[in-house]
Each structure stands twice: as structure tokens, then as C-alpha cells.
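Participant: below are the sequence and a predicted model; questions follow.
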Number of protein chains: 2
Amino acid sequence: MAAPSSVSAAPTASPLFLREHEVRRGVELLFFGYTRLTRAIDDGLAEHGLGRAHHRALYFIARQPDLTISELLKILAITKQSLGRVLTDLAEKELVETRTGEVDRRQKLLRLTAEGVRFEAQLFDALRTSLASAYAAAGQESVTGFWRVLEGLIPAEDKAMVIALQKDI
Amino acid sequence: MAAPSSVSAAPTASPLFLREHEVRRGVELLFFGYTRLTRAIDDGLAEHGLGRAHHRALYFIARQPDLTISELLKILAITKQSLGRVLTDLAEKELVETRTGEVDRRQKLLRLTAEGVRFEAQLFDALRTSLASAYAAAGQESVTGFWRVLEGLIPAEDKAMVIALQKDI
DNA sequence: TAGATACGTCAATATGGCTGCCCCATCTTC
DNA sequence: GAAGATGGGGCAGCCATATTGACGTATCTA
């Protein structure tokens, strides 16, 4: 609706028609791409009796050592309860350890253990294999476009958090 | 590994280092982008007492009317049990209806009802709003790159299925 | 007619989310 | 120093979505 001005266009091949096609293509590719990428690590996780929720925590702790619980909660956007179970599992398997914060002793700083680092790196390798081959097939210019579109999907209030992640490495 | 020839490069800023950064960026943007996009329709679904699993079925039935159960199973890559519950819910709410296949009477052909079409279009509108603004911010060239990379993430054996979807509209 | 296929369904189980409520330790502010 | 805010932990119970394996029925194909 409300397509402005200069609409003497033919009823077929209207801008709205194209837009729908483009949007559906994006929705589908995101669905298949995301699910296929995550599937790449399911086996590795299952070997340790862990699930995807554990990987997400592991991943972001790897990315930002000495992350606090509340920072991780913001990133994952789940409840304290849900995260609690995941972190308990990871601690029991000695993949993650916590220290008391120095500036604020209420905080717990999360870190991977040596074994955690090893395990995360192993999982990351599966992700790297998938993504690197997609990058290579598409070419560097496409990769930049890929990032740009995805960045546009992140609401303004979350963008700072994502950018902060990418400053470190 | 196995970077060929002309590797007299400095040990810092090695290709591997860059590759890790680029891969982590992709993993994170995919995670945030995908979750934020799906979140855009949660409210609309909740109003009808439905979840994301229902939307996925609804979406692909909208996309390919007269889809069979087994085709939908392949697309969603879940079990018959899981899909069964979802389709039962959608049928009870009169959003989806089935007809017996004409060429093969064992098959059930899935279609949206008029109300189903209306509802799916409403949900799609939320997706369109999010994606269209990301597309617009990134520009057409980026959108093409976005598609290319995601296509590279889809394993060869699934690619035909995805392309088949995109032939219709 | 025999076997394969499409679909439905039973029971049991796992994962990963949620809410509401309450606790303690610690930091900040008045 | 007391009051309140904040960071973190935990209980109980629930829900959504997925899994496995086995079995039944209708229908198609060879």
C-alpha cells in the first residue's frame, strides 16, 4: 500500500511484488543458514552431554573473559534461572570457572578453564569450517554485505553490545 | 593451514588471525540477527496461543500451497511426531486445511485457509518491516552478498530444496 | 499378492525456556 | 550507620518443542 508517486507502473512486477520475493528469500536463507551452521556443532556438544544453550554461554565467555553474569544475561537475553542451569552444568564439567570480582565483590567473573578453552576451540573449528567455506565461495565483497545486512537487523539498543564484543579480538 | 606460496608474511596479522575475527563476527551477527528477526513475530503468535514452530509450518505452507507432509518434514528437518502436534494445533485453529492428494491418495496436501492466509500475511508483515529496513540500510549490493554467503552455508544436499522454494514467487 | 511408502499415533523422555517468589552479600546513598 | 539498590543464587512448577522406537492403516507399485 501507499506506494508513492510515479506509479504508472504495470500491475505485474510491482515494487511490492519484488519486495516480498526479496524478503521471503532473506527469511528462508536466514532460517536454513542459521540452523545448518548450528547443526555443525551438535555432535561435538553431544559427546560431552551438552546442548546448544551450553555452547552459547561457552562461546560468549570465550569471547569476553571475565564477563559477569549480568553481562552474559544481557547478551543471551534469557532468564537468570535458565542461565543458572547452564552455568552449573559447565562448572560441573569443569569447562567454566568463576572468580569474585575485584572492584565489586558481588560480581562473579566468568572464565573458561584450560579444558574449556580447548573444547570451545574444537567447536569453533567446526563453525569456522562451515563459515569459511561460505565466505570463500561468496567472496570478500559479499561477506561485507552479509555483515551489513545482519547489523541492520539488530535493534539500536542492542547494537552497542554487539560492537563491544567485536572490539576485543 | 596450507596457505600456498608467497607466504613470507609477517607472523603477526597472519591470515589465520584475520580469519578467526571474521568468523566470530559472522557467528555473532547470525545469532543476533536471527534471534532478533524471529522475535519480531513472537507477540503476534502469542496472541493466537502459537509458538515459533507453528509459524515455521505456516510459513512454508504459505510459500508452497499443496505441500505434502513429507515435503514439509524435509524442509523443517524435525520428526513426524513434532510436526504432527504443530499441524493438529493449526488445523484446530482453522488456519490450515488438508486435502487428499489426487495423483497419490496417500498424500495429504496442505493449504492455508482464508484465515490462515490472513494471519500469515500479518506475521510476514512484521518480518518484512525488519528485513526491509535492514536491506534499505545496507543497500542492494550488500543484500546480494548477504544472500550469497547464506547460500554457501547450506549443504549441497539441501540446496535444491531451498532453490525450489524460491522458484514459485 | 508382496512390499514399499505416506501418514497417524502411542508412550516416554530431554532440553531449554518461562514465572513468581524469596534469599544473601555487597555496594551506594543519605 | 541505616536504607535501599544491585548482583547473584535458588525453589517450585510450568510450557514449548524436540527426540526415540514401535506399531497401525491406507494406498501405491512391481
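Facilitator: Cool, the structure landed. Here the structure is a predicted model, which means the values were calculated and not measured.

Participant: can you map out the strands along chain A?
Facilitator: Assigned by DSSP state E, chain A shows strands spanning A:67-68, A:96-100, A:108-112.

Participant: and the closest residue to chain B within chain A, how close does it get to residue B:79?
Facilitator: Going by C-beta to the nearest C-beta, chain B is nearest to residue A:145 of chain A, at 2.5 Å. Any C-beta I mention is one placed from the backbone N, CA and C, and that applies to glycine too. Going from residue A:145 to residue B:79 by C-beta to C-beta, to the nearest Å gives 36 Å.

Participant: neighbour count winner among those two?
Facilitator: Neighbour count, other C-beta atoms under 10 Å in any protein chain shown: between residue A:145 and residue B:79, residue A:145 has more, with 24 against 9.

Participant: so what's the closest residue to that one other than its chain neighbours up against?
Facilitator: Nearest non-adjacent residue to residue A:145, counting by C-beta to C-beta, 6 or more residues apart in numbering or on different chains: residue B:145, 2.5 Å away. With contact set as C-beta atoms under 8 Å, 6 or more residues apart in numbering or on different chains, residue B:145 has these partners: A:138-139, A:141-146, A:148-149.

Participant: biggest separation within these, which pair?
Facilitator: Farthest apart among these by C-beta to C-beta are A:139 and A:149. That separation is 15.5 Å.

Participant: helices of chain A, residue ranges please.
Facilitator: A:15-39, A:42-47, A:52-63, A:69-76, A:80-92, A:114-138, A:140-153, A:156-168 (DSSP state H).

Participant: please see if the fourth one touches chain B.
Facilitator: Yep, that's helix A:69-76 we're talking about. No. Using C-beta under 8 Å from any C-beta of the partner chain, we find that helix A:69-76 stays clear of chain B, coming within 8.8 Å at best.

Participant: next, the angle from that helix to strand A:96-100.
Facilitator: Relative orientation of helix A:69-76 and strand A:96-100, computed by axes from the mean of the first three to the mean of the last three C-alpha atoms, to 10 degrees: 140 degrees.
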